[in-house]
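Trainee: Mind looking at a prediction? Sequence and model below.
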Amino acid sequence: MKIAVAGTGYVGLVTGVCLASKGHEVTCVDVDENKVKIMKNGDSPIYEPGLSELMKEHKNNLVFTTDYEEAYREAEVIFIGVGTPEKQDGSANLSYVFEVAKQIAQTVQRDCVVVIKSTVPIGTNDKIESYIRDKQKNKDVCIYVASNPEFLSQGTAVKDTLCASRIVIGVEEVFPGEVLKKVYEKFDVPKLIVKRRSAEMIKYASNDFLALKISYINEIANLCEIVGANIEEVTEGMGYDARIGHRFLNAGIGYGGSCFPKDVKALIKTAEKNGYPMRVLKAVEEVNEAQKSILFEKLLKHYNGDLKGKQIALWGLAFKPETDDMREAPALVLIDKLIEAGASVKVYDPIAMDECKRRIGDKVVYATDMYDAVLDADALLLVTEWKEFRMPSWGVLKKTMKKAVVIDGRNIYEKSELQELEIVYACVGR
């Protein structure tokens, strides 16, 4: 099928490339000429494992352009995958979605299905459909609007798309549902056809439930420390219950990224607008914000409330491994608190160093590698559990650090091993 995709961020580009890999003719549209130039050369402008390789493998099915008129004019299906960033009040900014909708309305010359892939508040598909039909230049063509939320995670986005747990299709008429079933016919995964508002809610309810699990287990971990229990033993015992499962029960320093924080706030805001208080989600958000400071509190306690003049090393900046995404990353909160307390900060991340420089500039010192980061450090804080951080040379750390203090925000090290090496060690919930 002839498909256009608006937006080449994580959602749009991964969607477009994966659809091309199934034989569709895909045109990806972006306003950024530099990004388009990079993609035309066969490279991905975002860091996502496996994406560049897939782009090169299926380049004959892919076109990258800034010319939305050419892309949308004869497309059978147009996916909207642009960003819906958080506004100051926590609601979703839909300006990019509506801008693309306006372009589509003024451009299409054949019957087509517009698919909202971006995460949007409940009822947005209805508004987009009304908006497009009101602005529609060619009144002789039928434009349908469908909801098709994404469920991908940075670092595993290609796999999450090609081997999805499910494909949710929200429609109000039979025709757009049949078209999307054809689009996804080579995806051997469960496909669920529902009403549009249900599809929109499925996305928010799914992400926010996972955020709830993370905040809940972090609360349990904090209590474990107080009462003398071990969070890892607790979660192992919990996880064998099929109603709970083992996933998203890893205690740590809270969630970040482009989805969970934004989606929790957006659903709270949607509920408020409809006169319903989301008490549980408000608690989820409150716990997560507090959890981002837990490593700082542990470090402050170790140094008796005085971090002035201390040199602190951070391993990891991205909100999780296998991505350079630092949106809502705990590292940003931690860096601000350390600097405010009078400490100097030296950081290292395998991928996210440039992104950190773009965000905060020279507020910190950027190390050349993980061992350079700990040179003369008074403490090491493990923030992101990259593979290369999992088996460090403790002997090197003891020799190069001013004081062998390790605070593990992801519980990846063995407490007994570090204690035997006479390294001061703290973690979360153990």
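Mentor: Structure received.
Trainee: elements contacting the helix ranked longest in the chain?
Mentor: Ranked by residue count, the top helix of the chain under DSSP state H comes out as helix 196-227. Secondary-structure packing of helix 196-227 (3 or more C-beta pairs under 8 Å, 6 or more residues apart in numbering; DSSP states H and E): helix 124-135, strand 143-147, strand 167-170, helix 231-239, helix 260-273, helix 279-291. Bear in mind the C-beta positions are built from the backbone N, C-alpha and C, glycine included.
Trainee: quick one: which of these is nearest residue 15?
Mentor: In terms of C-beta to C-beta, the element of the helices and strands packed on helix 196-227 nearest to residue 15 is strand 167-170, at 11.4 Å.
Trainee: So for the helix or strand following the closest one, what gets flagged as buried?
Mentor: Counting by DSSP states H and E, the next helix or strand C-terminal to strand 167-170 is helix 174-183. For helix 174-183, the neighbour count (16 or more other C-beta atoms under 10 Å) marks 176, 177, 179, 180, 183 as buried.
Trainee: Which strands or helices does helix 174-183 pack on?
Mentor: Under the contact definition 3+ C-beta pairs under 8 Å, 6+ apart, helix 174-183 sits against strand 77-80, strand 112-116, strand 143-147, strand 167-170, strand 191-194.
Trainee: report the angle between the axes of the third one and helix 124-135?
Mentor: By that I understand strand 143-147. Compare the direction of strand 143-147 with that of helix 124-135 by axes from the mean of the first three to the mean of the last three C-alpha atoms, to 10 degrees and you get 170 degrees.
Trainee: and strand 143-147, how far from the chain's centre?
Mentor: Relative to the centre of its chain, strand 143-147 is centred 26 Å away, using C-alpha atoms, centre = their mean, to the nearest Å.
Trainee: packing partners for the next helix or strand after it?
Mentor: As assigned by DSSP H and E, the chain's next helix or strand after strand 143-147 is helix 157-162. Under the contact definition 3+ C-beta pairs under 8 Å, 6+ apart, helix 157-162 sits against helix 10-20, helix 51-57.
Trainee: Compare those helices and give me the one nearest residue 203.
Mentor: helix 10-20 (11.3 Å).
Trainee: Nearest residue to residue 353 in space, please, no chain neighbours.
Mentor: residue 366 (5.8 Å; C-beta to C-beta, 6 or more residues apart in numbering).
Trainee: I'd like to check which residues are in contact with the one you found.
Mentor: Neighbouring residues of residue 366 by C-beta atoms under 8 Å, 6 or more residues apart in numbering: 346, 347, 348, 353, 356, 357.
Trainee: Quick one, which of the residues you listed are buried?
Mentor: Using 16+ other C-beta under 10 Å as the burial test, the contacts of residue 366 include 346, 347, 348, 353, 356 as buried.
Trainee: quick one, what contacts the first one?
Mentor: Contacts of residue 346 were listed using C-beta under 8 Å, 6+ apart, and they are 311, 312, 313, 314, 364, 365, 366, 367, 372, 373, 375, 377.
Trainee: Make TSV out of the residues you listed and add pLDDT, secondary structure and distance to residue 263.
Mentor: Output for these, formatted as TSV (pLDDT from 0 to 100; DSSP: H, G, I helix; E, B strand; the rest coil; distance: C-beta to C-beta, whole Å):
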residue	pLDDT	secondary structure	distance to residue 263
311	98	strand	37
312	98	strand	32
313	98	strand	32
314	98	strand	27
364	98	coil	29
365	98	strand	34
366	98	strand	31
367	98	coil	33
372	98	helix	37
373	98	helix	33
375	98	coil	40
377	98	coil	36
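Trainee: Going by distance to residue 57, which of the residues you listed wins?
Mentor: Distance to residue 57 across the contacts of residue 346 (C-beta to C-beta) is lowest for residue 366, with 34.3 Å.
Trainee: Could you give the bridge partners of that closest one?
Mentor: For residue 366, the beta-bridge partners are residue 347 (DSSP bridges).
Trainee: And it, how close does it get to residue 354?
Mentor: With distances taken as C-beta to C-beta, to the nearest Å, residue 366 is found 9 Å from residue 354.
Trainee: Residue 145 too?
Mentor: From residue 145 to residue 354 the distance is 38 Å (C-beta to C-beta).
Trainee: and if you look at residue 385?
Mentor: Per C-beta to C-beta, residue 385 is found 20 Å from residue 354.
Trainee: what do you get for residue 166?
Mentor: 35 Å.
Trainee: Please apply the same query to residue 345.
Mentor: Counting by C-beta to C-beta - residue 345 and residue 354 are separated by 17 Å.
Trainee: When the two are compared, which one has more neighbours?
Mentor: Counted by other C-beta atoms under 10 Å, residue 345 and residue 354 do not tie: residue 345 has more neighbours, with 23 against 12.
Trainee: Who are the contact partners of that one?
Mentor: By C-beta under 8 Å, 6+ apart, the neighbours of residue 345 are 311, 312, 313, 314, 335, 338, 339, 363, 364, 365.
Trainee: Could you double-check that the second one lies in contact with residue 299?
Mentor: Translated: residue 312. Yes: using C-beta atoms under 8 Å, residue 312 is in contact with residue 299, at 7.1 Å.
Trainee: Now list whatever residues contact both of those two.
Mentor: Common neighbours of residue 312 and residue 299, using C-beta under 8 Å, 6+ apart, are 338, 379, 381.
Trainee: Compute the number of surrounding residues for the first one.
Mentor: Using other C-beta under 10 Å, residue 338 is surrounded by 24 other residues.
Trainee: Quick one, grab the pLDDT at it.
Mentor: Residue 338 is assigned 98 on the pLDDT scale.
Trainee: Go ahead and list the helix or strand containing it.
Mentor: Using DSSP H and E, residue 338 maps to helix 330-340.
Trainee: just the angle between that helix and helix 279-291, please?
Mentor: Using the same axes, to 10 degrees: helix 330-340 against helix 279-291 is 50 degrees.
Trainee: how close does residue 136 get to residue 90?
Mentor: Remark: distance between residue 136 and residue 90 (C-beta to C-beta) = 32 Å.
Trainee: Surely residue 165 is in contact with residue 151?
Mentor: Yes: judged on C-beta under 8 Å, residue 165 makes contact with residue 151 at a distance of 6.5 Å.
Trainee: Fine by me, we can end here.
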